[in-house]
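> Sequence unavailable; structure follows:
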């Protein structure tokens, strides 16, 4: 089994480092039974190149570190699909997600529904504004590090989100380590 972490590096500094370390070490413990105590800051050495994306590939230990420019994507339309998959660890094998993503048609991404509940997109956790506060699905497929940081700061409320809840959404956001909290303008859902 091979897993990965996607890091945002700004001016040579890893963003949300403690949460990435926590998830990486938890993944190793749960999948290999090893207490690794890996600190990514000791392995990811990057000069100040401004804004970069870093992919850390690992198993029981770190296997490879790759750096890429951070190129933002535009999201406005989402195909809503049933997804009977398990993706609770950030596994390199994303075949199930890729298969669903390939069904998006002309949409920019997908929103996955599992057991009647809204989960995630193919690359990000989601949030919806209910008129008073931002809500994030209680049962995402993958608990992202940026989502965790927003929950820790009490900027999001976890709640079960059903398909009917997204049909009338007026404010919708994506969030992950690279894009932060990205409110989608003129969002469109295809059911």
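Sure, I can see it. The structure displayed is predicted, hence computed values, not measured ones.
> what helix or strand is the nearest residue to residue 134 once chain neighbours are set aside on?
Nearest residue to residue 134, sequence neighbours excluded (CB to CB, 6 or more residues apart in numbering): residue 127, at 4.6 Å. In this view, the C-beta of every residue, glycine as well, is placed from N, C-alpha and C. Using DSSP states H and E, residue 127 sits within strand 125-129.
> confidence score at the residue nearest to residue 134?
At residue 127, the predicted lDDT confidence score is 98.
> returning to that earlier point: same for the next helix or strand after the strand holding residue 127, what does it pack against?
Next helix or strand after strand 125-129 toward the C-terminus (DSSP H and E): strand 134-137. Applying 3 or more CB pairs under 8 Å, 6 or more residues apart in numbering; DSSP states H and E, one finds that strand 134-137 contacts strand 125-129, helix 145-152, strand 157-159.
> got the buried residues for the strand holding residue 127?
Under the neighbour-count criterion of 16 or more other CB atoms under 10 Å, strand 125-129 has 125-128 buried.
> what do you get for stretch 86-97?
87, 90-91, 94, 96-97.
> what's the answer for stretch 179-191, then?
For stretch 179-191, by 16+ other CB under 10 Å, it's 179, 181-182, 184, 187.
> Tabulate the residues you listed (JSON lines), appending secondary structure, distance to residue 62 and pLDDT.
Converted to JSON lines, these look like this (DSSP: H, G, I helix; E, B strand; the rest coil; distance: CB to CB, whole Å; pLDDT from 0 to 100):
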{"residue": "179", "secondary structure": "coil", "distance to residue 62": "24", "pLDDT": "95"}
{"residue": "181", "secondary structure": "strand", "distance to residue 62": "28", "pLDDT": "97"}
{"residue": "182", "secondary structure": "strand", "distance to residue 62": "29", "pLDDT": "96"}
{"residue": "184", "secondary structure": "strand", "distance to residue 62": "34", "pLDDT": "96"}
{"residue": "187", "secondary structure": "coil", "distance to residue 62": "37", "pLDDT": "94"}
